[in-house]
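Participant: 3D, please:
(2 chains)
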Amino acid sequence: MSKVLGIISCNYQFNKIHELNQNRPIAALPFGGRYAIVDFPLSNMVNAGITSVGIVMPSDYRPILDHIRSGKSWSLNRKSGGLFILPGMTVSLDGNNKFPIKDFRKNIDFLKREKAEYIVISGSNSVINIDLAEVIEEHQLNQADVTLIYKEQSKVNCDELACIVKLDDKGQVTDMVKSGTVDFDSCRIFTDQLIIGRELLLRLLTESYSGDELSLIDLVKNRTKELKVCSYEFNGYYASIFSKETYFKANMSLMEPAVVQQLFHGNNKIVTRTKDNPPTKYSQEANIKDSLVSSGCLINGQLEKSLLFRGVKVEKGARIKNSIIMHDCQIGQDVVLENVILDKSVVISPGIEIIGHKDSPTFIPKFKSL
Amino acid sequence: MAKREIIAMLLAGGQGSRLGSMTKNIAKPAVSFGGKYRIIDFGLSNCMNSGVSTVGVLTQYKPFSLHSYVGIGSAWDLETSYDGGGLSVLSPYVGEKGGRWYKGTANALYENMKYINNLDPEQVLIIAGDHIYKMDYNQMLQFHKENNADVTISVMEVPIEEAFRFGVVAVDADMQIYKFQEKPPKPESNLVSMGIYIFKWSVLKQALIEDEEDEDSEKDFGKNILPKLLNEGKRLFAYSFNGYWRDVGTIESYYETNMELLAEDPPIDLYDGSFSVFSNSEALPPQVIGKKASVINSIVDNGCNIFGTLENSIVHANVYIAEGSVVKNSIILPNVRIGTGAVIDKVIVGYDTVIEEKCEIGLEKPDKEQQGGITLIEGVMTVPKGTKIAAGSSYNKEGGERHE
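Facilitator: Presented below is the predicted three-dimensional model:
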């Protein structure tokens, strides 16, 4: 395989998810019981044999570094290549304008020094397990300049600002537009992952001096006639997280065993930092249905259609339904929770009842005691 | 702890033949335990929690899985460090005069004298790789130094009628040992050795050299080294340990020790973050508990898919329990699949095994109970559809069909 470099852009934010994300970049948002969203792009790259990955950091980078550390969990603590922490624009970018040219210019020495043929560039708000090796192979076969990865999806599931790719009959990209401007029920949504030749990227960066306000997507979009911009359709499970509702929905979709199977039990593993929790213990009073539970939990209560992160304690008589409970929360006796998201280390005193709306769950921030 | 004050030598080479087919392909310290651990995790985690940062792991019997599990010790923060410490795997080796297997625990240490000499520690801690316990070796070291002891043996009290299975010590009021008997028929004390020793290296080294030359010696710590040092008038002390300690050397003790974790208030707290037990675990997805599943009084690890009924059981990583199956009072090792309608009771199922639909295991109880009524299913095999296996039996490759 040719040498490929990975770049994950983590310095953007969505207004709609602000509640969940105070002081926490979306890349570090806990997902699926034990993961951070950045685990998906990171694992996909490593699974494709990519051993050099640069991560463009936001100003509030602490939660990301806390999670990936030296990159050891992904075998990126290497002598040749490995993990590179890259500076990015420090003002929080709007999530719908990722991959600013400024970020790449800032790191141009890195792009010049890491002698890779191709670069895989990815966002950090997508839940996806994709075989990037296959995409790279197709990129090579097509002798493409750029390959954009898309997922055909109903419009209901995408942000009105999400990027739609328009294709000609040979599958080549002719244009990219915001989904709000399109009138179809079903559309090809750009998954924020693309492959581009390194030399080409360097050329684009040096050519367009005036383009400092633009994003890489703009550069590609403006050159669909001169460049060979191919597309790759991804058919598996894909969820883009850009609001509290999409976050809740994507997590809840894991109650479907087929989704868990596809995301986590296939050939390519999603790797995360292990924390050496003990296994989970269910007591005599436990009553669990249709739920996803991580290690280190102690469960004495009732659980239905809910997701428990690591180290959660649920006392006797507590009933949790249709909820997401993050790491180290403590749920007291006879507590009733329905349609809620508890952030890390929330303590709910005995007897409290919180019932959120089915479509817009109640959110309780980190370290709160109720 | 000062640099190189103490190093640990962890004896992990035993076959563990009393664990039957559980150790057919794997050394005893590498056997899974408690839902996510391997037995050796306890000794290594104790080292980590006690600040013992140099550990030699002596292996011999079927070491492949053990070697790959222990690796370079990263999981226990024992990765070989800048000062030459960290974890080293010490297997029997070949020299100019040929190679040989370790003849006993003392001989294993003798063969690795060069390793210890290079490190030049003041004290050597000797521990076993097949005990379940949490212990701060620092406290024992303090005791050892305060008494200016040549050897300190960690001891505990057991019912006198069980003492004959252990090394029995007799002590004076200062806990100085005046008598040591390995597995005596008529024990005169209920203080027994836990197989955990701290030796002054200078004393141990001399004893190992002399013992090696003694043709009548069985090259064993309990049988030879300790009685010899006592006879020579060396200062042997007993450090009494009051915590939880189990030897999981037999199928019955392995089963019981696992089951103790299911108690409402278990005697060993795995959830105590101030003294964690670490393991080299894979990053597996959370466990799925299905719509029709029932899980009570059980311990379940990551990567499991539970669609059936689970009761009083310990389930290791990546196990699949199909809808309509019932698993009770059992220990399921990693990567096992249990098919629809299968019912199993008081069974240890070895890793990577498939139990097909409608098998009934451990339900039929023979008049004369064997193996404590525990049924043992060997790892890496398939138990064909509808098979009935009586309680207390061992189901091995000869009886079943291998699937690899």
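Participant: C-terminal to the helix or strand of chain A with the lowest mean pLDDT, what's the next element?
Facilitator: Least confident element among the helices and strands of chain A, by mean pLDDT, DSSP states H and E: strand A:93-94 (a mean of 70). Using DSSP states H and E, the helix or strand that follows strand A:93-94 in sequence is helix A:101-106.
Participant: what residue in the stretch 101-250 of chain B comes nearest to chain A?
Facilitator: Using Cβ to the nearest Cβ, residue B:134 is the residue of the stretch 101-250 of chain B that sits closest to chain A, at 12.5 Å. Yep, even glycine has a C-beta here, placed from its N, CA and C like the rest.
Participant: in the chain, where is pLDDT below threshold?
Facilitator: Picked chain A for this. A:1-2, A:90-93, A:96, A:156-158, A:160, A:185-186, A:208-211 (pLDDT under 70).
Participant: ah, no, chain B please
Facilitator: B:1-3, B:81-82, B:398-404.
Participant: quick test: name the residue nearest the centre of it.
Facilitator: residue B:130 (1.8 Å; Cα atoms, centre = their mean).
Participant: got the contact list for residue A:212?
Facilitator: A:101-102, A:105 (Cβ atoms under 8 Å, 6 or more residues apart in numbering or on different chains).
Participant: any idea which of the residues you listed is closest to residue A:357?
Facilitator: residue A:102 (39.9 Å; Cβ to Cβ).
Participant: tell me if I'm right that the closest one and residue A:89 touch.
Facilitator: Yes. If you go by Cβ atoms under 8 Å, residue A:102 and residue A:89 touch, sitting 5.5 Å apart.
Participant: for the stretch 151-300 of chain A, what lies in contact range of chain B?
Facilitator: A:257, A:260, A:263-265, A:269-274, A:276, A:278-296, A:298 (Cβ under 8 Å from any Cβ of the partner chain).
Participant: show the buried residues in those.
Facilitator: Among these, those classed as buried by 16 or more other Cβ atoms under 10 Å in any protein chain shown are A:257, A:260, A:263-265, A:269-274, A:276, A:278-283, A:285-286, A:288-296, A:298.
Participant: spell out, range by range, the helices that occur in the chain.
Facilitator: With no chain named, the answer covers chain A. Secondary structure of chain A by DSSP state H: the helices cover A:39-47, A:62-68, A:101-106, A:108-113, A:132-141, A:198-207, A:216-221, A:244-252, A:257-264.
Participant: sorry, should have said chain B
Facilitator: Counting by DSSP H, the helices of chain B are B:40-50, B:64-70, B:105-111, B:113-119, B:137-146, B:201-213, B:226-231, B:251-260.
Participant: could I get the ones you listed as TSV with distance to chain A and mean neighbour count?
Facilitator: As requested, the helices of chain B are arranged in TSV below (distance: least, Cβ to the nearest Cβ, whole Å; neighbours: other Cβ atoms under 10 Å in any protein chain shown):
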stretch	distance to chain A	mean neighbour count
helix B:40-50	9	25
helix B:64-70	14	18
helix B:105-111	29	24
helix B:113-119	26	14
helix B:137-146	20	18
helix B:201-213	32	17
helix B:226-231	35	18
helix B:251-260	11	19
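Participant: possible to save those helices as JSON lines with distance to residue A:253?
Facilitator: As requested, these are arranged in JSON lines below (distance: least, Cβ to Cβ, whole Å):
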{"stretch": "helix B:40-50", "distance to residue A:253": "35"}
{"stretch": "helix B:64-70", "distance to residue A:253": "34"}
{"stretch": "helix B:105-111", "distance to residue A:253": "54"}
{"stretch": "helix B:113-119", "distance to residue A:253": "53"}
{"stretch": "helix B:137-146", "distance to residue A:253": "48"}
{"stretch": "helix B:201-213", "distance to residue A:253": "60"}
{"stretch": "helix B:226-231", "distance to residue A:253": "62"}
{"stretch": "helix B:251-260", "distance to residue A:253": "35"}
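Participant: show the contacting residues for the residue nearest to residue B:357 when sequence neighbours are not counted.
Facilitator: Leaving aside its chain neighbours, residue B:357 sits nearest to residue B:339 (4.0 Å; criterion: Cβ to Cβ, 6 or more residues apart in numbering or on different chains). Contact analysis of residue B:339 by Cβ under 8 Å, 6+ apart lists B:322, B:325, B:354-359, B:385.
Participant: if we can go back for a sec, need the contact list for the residue nearest to the centre of chain B.
Facilitator: Residue B:130 neighbours (Cβ under 8 Å, 6+ apart): B:12, B:14, B:16, B:28-29, B:39-40, B:247-249.
Participant: remind me, longest strand of the chain?
Facilitator: Unless you meant another one, I'm taking chain A. strand A:186-197 (DSSP state E).
Participant: actually it's chain B I care about, not the one you picked
Facilitator: strand B:191-200.
Participant: that strand: how far from the chain's middle?
Facilitator: Relative to the chain's own centre, strand B:191-200 is displaced by 16 Å; criterion: Cα atoms, centre = their mean, to the nearest Å.
Participant: dump it to CSV, restricted to CA.
Facilitator: C-alpha atoms of strand B:191-200 as CSV (Å, rounded to 0.1, in the frame of the first residue of the first chain):
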residue,chain,number,x,y,z
LEU,B,191,-0.5,-20.5,60.6
VAL,B,192,0.3,-21.3,57.0
SER,B,193,2.5,-19.9,54.3
MET,B,194,0.9,-18.2,51.4
GLY,B,195,3.8,-18.8,49.1
ILE,B,196,4.9,-15.1,49.3
TYR,B,197,8.4,-14.5,50.5
ILE,B,198,10.8,-11.6,50.9
PHE,B,199,14.5,-12.7,51.0
LYS,B,200,17.6,-10.7,51.5
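Participant: can you point out the buried residues in that strand?
Facilitator: Quick answer for strand B:191-200 (16+ other Cβ under 10 Å): B:191-200.
Participant: and for stretch A:310-326?
Facilitator: Under 16+ other Cβ under 10 Å, the buried positions of stretch A:310-326 are A:310-315, A:317-326.
Participant: and the residues you listed, which two are the farthest apart?
Facilitator: It's A:310 and A:317 that sit farthest apart of the buried residues of stretch A:310-326, by Cβ to Cβ, at 22.8 Å.
Participant: quick one: contacts for the nearest residue to residue A:361 once chain neighbours are set aside?
Facilitator: Leaving aside its chain neighbours, residue A:361 sits nearest to residue A:339 (4.5 Å; criterion: Cβ to Cβ, 6+ apart). Neighbouring residues of residue A:339 by Cβ under 8 Å, 6+ apart: A:321-323, A:355-358, A:361-362.
Participant: re the thing from before, without its sequence neighbours, what residue ends up closest to the residue nearest to the centre of chain B?
Facilitator: Residue B:130 sits nearest to residue B:28 (Cβ to Cβ, 6+ apart), 5.0 Å away.
Participant: list the contacts of the one you found.
Facilitator: Here residue B:28 is in contact with B:12, B:14-16, B:19, B:39, B:61, B:129-130, B:249 (criterion: Cβ under 8 Å, 6+ apart).
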